[in-house]
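In: the following comprises the amino acid sequence and a computationally predicted model.
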Amino acid sequence: MRTRVVLVSGLLALASISATKVAAEADPGGCDTGSWIGGTTNLCHGDLVYRDYIYDDYGANTGLLASSTAPLGSITPTGDIRYPQGEEDTADLRQLRLSVQGNRLVVTFTLNALYDAGSTIGAIAIDTDNNSSTGGGTWPTVHIASAGWDVAGVFRQGTPGVSIDTTANTITGSIPLPSDSTWRVQAVTAQSDGTVMNAAFRGIDESGPWFEDSQAAALQSGDISAFGYQVAVADLTSGVTRQAAVTPGMHERVYHSAYTVGTGEGMSYQGVPGRGNLLLGQQFHFFGPYQPYAIYLPDQSGPHGLQLALHGAGSSITSLVQQPGFRQQFGELRNRILVTPLGLGPGGWYTGPSERDVIDALNDAEQAYEVNRDQEIMSGYSMGGYGAYIIAEQNPDRFAGIIDWVGYSDCLNGTPLAGDCPLFGADGNPLDYVRNLRWVPTGMLYSAADEIVHVTTAIAMQQAFAATGYPYQWWLHPIAEHNTYALLDNWQKESAYSANMTLVHNPPRVTYRYNPMLDDADYGVVHDHAYWMSQVRTAGAGVGDIDLTTAGCGGSLPTTTATSGASLALDPVPWTSTGAEVTGNTPITPAPRLTGTLTNVASLTVDSTATCLRDTAISYDITTDGTATLTFSDGRTVHLAGAGEHTGTVN
């Protein structure tokens, strides 16, 4: 039997150690930089790099969570160990790197947050003989055990040679390189009292609202033998690069954002308030540049469609994509990648910083996978339904269509008191921006017995869409309540409705309402553009309305016919419906002409190329309620002085 060696080790002066790794090409994207799938372990030019889940550091599931410390509204993590106030998330392992330097194994723990060098402990244990029946037991300093380990290292403040950088959030140390050619490594991070919060090497198939179910169970048992990684030392010393395979299915993906809130790192159980309201105001709980989102990868070849599925208030990133029926109907049947952003918390309401997170997650998925960007669908449930409306309305040229379940709009819609509801965190009323969805067909499911999103608001949304003449489908389920669709996990009719949704590029007519109050320039959230219009500026307070038609490229405008229907089928429960479907079109004869109306608009820019108005004299007939300036992207300008109808030609 081997003698077990316990090392509370320090880092030698690395400048005096000659590295044995072989020089190689630059790291491939995602090896140890860029976005990643949580739970992956890669070899990056001889460094072993484990990339963990984010915000999964909730420790053991003791079943003793006190209500006063329960974070994040109704979404309670599986683990229930909490940090002292001010130290939240400081044992959240983001990355673990093992590197051979001379005869030492250098270990670097990178944390998601680290404010105080003494708050966090990193520890590893190595089974050098690959024999789980020898050695093993309780680790030094941290409160955990595992089978088979022969060598352990503990890295904390005060240990000779350990380097802690609270700016880079790293704890670095080294131990003698095990002499064996292969061995198995395990690692944890813990609070300063030894309470383990996060375990490494858990693989890509974790489950639960925060992807820490198996971790919470293992930490409660006191044994993490199941979590480890087999190391071939030759891979480390010869500079091998090999990335983990990611299989189809549900995973957590983590991207790096250029924007942060609060402390700029870590999280808060209580949250930081955003914009108003009295009852369910906007709250941000997750502050750092590394943000997670749930992703479902269909078991099909690309290019894939993509569907954003925004979670409801008090829910997490897994709340929709964890549903087998949802994954089947939208992921597999439609060959779509499903993406659920966190929105910086369960109550972000998808405006400002929360909208930034949605768009960033979408951009990251587009860059990482083979996505057909003409087949990107917006969808959401409850608060997520509000987000689906408001984000698509402010970015209509980004989405092929919308599917919305019990989407909140305003708590008083459908009553004489309709307006900007003071009770909830919504930043604007989607009812006011339906006009922006001329080219974005929308399917909506509502419940007559909904105890949260009342049927009056559902009817108000239907009436708003019906008044536009745009294509839409509205289903009302007389015996359903707020959670019926999620509970029954049956999404067939809305999946079918979304099957052929395709993004419209540069349509001949653009109807767009711009509200500068929905912008948040600090987070790069500005909505002053749509299709071939940009740089919209309002003339005064309130919204600016644009309705312009270009005949430059010809094309056509769709005509729609009202529809209605009903079914007693369990889909998921009986329903009635109204809608409008495209049944024809009105051709537009190509001509260098721009017509329409501007209300409370001081200026805007028109893309001359996208409208086929470049290098030709342009006739215009535009009615305004005040002075406005149109600038064409080729440099020409039309000044419309005063209110009224303005006609003429710009050469």
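Out: Here it is on my side, so go on. Note that the structure is a prediction, hence the values are computed from the model and not measured.

In: contacts only, for Thr260.
Out: Phe287, Gly288, Pro289 (Cβ atoms under 8 Å, 6 or more residues apart in numbering). Backbone N, C-alpha and C define where each C-beta goes, glycine included.

In: do you know how far Ile546 is from Gly540?
Out: 15 Å (Cβ to Cβ, to the nearest Å).

In: could you dump the contacts of Thr260 to JSON lines with pLDDT and secondary structure?
Out: Below are the contacts of Thr260 laid out as JSON lines (pLDDT from 0 to 100; DSSP: H, G, I helix; E, B strand; the rest coil):
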{"residue": "Phe287", "pLDDT": "94", "secondary structure": "coil"}
{"residue": "Gly288", "pLDDT": "94", "secondary structure": "coil"}
{"residue": "Pro289", "pLDDT": "96", "secondary structure": "coil"}
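
In: buried subset of these as a ChimeraX selection?
Out: Remark: buried members of the contacts of Thr260, expressed as a ChimeraX selection using 16 or more other Cβ atoms under 10 Å:
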select :287,288
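
In: closest one to Ile54 out of the contacts of Thr260, please.
Out: Ranked by distance to Ile54 (Cβ to Cβ), these are led by Gly288 at 8.1 Å.

In: list the contacts of the closest one.
Out: Asn112, Ala113, Thr260, Gly264, Glu265, Gly266, Met267.

In: ok, and the most crowded of the residues you listed?
Out: Neighbour counts for those, by other Cβ atoms under 10 Å, peak at Asn112, which reaches 28 neighbours.

In: correct me if wrong: that one contacts Glu265.
Out: Yes. Using Cβ atoms under 8 Å, Asn112 is in contact with Glu265, at 6.7 Å.

In: A strand includes Gly380, no?
Out: Yes. Under DSSP: H, G, I helix; E, B strand; the rest coil, Gly380 falls within a strand.

In: residues contacting it?
Out: Counting by Cβ under 8 Å, 6+ apart, Gly380 has contacts 308-312, 350, 386-389, 404-405, 407.

In: 10 Å - rerun?
Out: 308-312, 320, 340, 350, 358, 386-392, 402-408 (Cβ atoms under 10 Å, 6 or more residues apart in numbering).

In: who's His251 bridged to?
Out: Beta bridges link His251 to Ile295, judged by DSSP bridges.

In: neighbours of it, just the number please.
Out: His251 - counted by other Cβ under 10 Å - has 23 other residues nearby.

In: can you give me the helices in the stretch 401-550 of the chain?
Out: 455-468, 484-488, 492-498 (DSSP state H, counting those that start in this stretch).

In: end to end, how far does stretch 627-645 reach?
Out: For stretch 627-645, the first-to-last residue distance is 11 Å (Cα to Cα, to the nearest Å).

In: and for stretch 88-108?
Out: 20 Å.

In: now that stretch, how far from the chain's geometric center?
Out: 27 Å (Cα atoms, centre = their mean, to the nearest Å).

In: which secondary structure elements does the longest helix that the chain contains contact?
Out: Counting residues, the longest helix found in the chain (DSSP state H) is helix 353-368. Contacts defined by 3 or more Cβ pairs under 10 Å, 6 or more residues apart in numbering; DSSP states H and E place helix 353-368 against strand 249-256, strand 283-286, strand 290-297, strand 304-310, strand 336-341, strand 371-381, helix 383-394.

In: if we use 7 Å, what do you get?
Out: strand 249-256, strand 290-297, strand 304-310, strand 336-341, helix 383-394 (3 or more Cβ pairs under 7 Å, 6 or more residues apart in numbering; DSSP states H and E).
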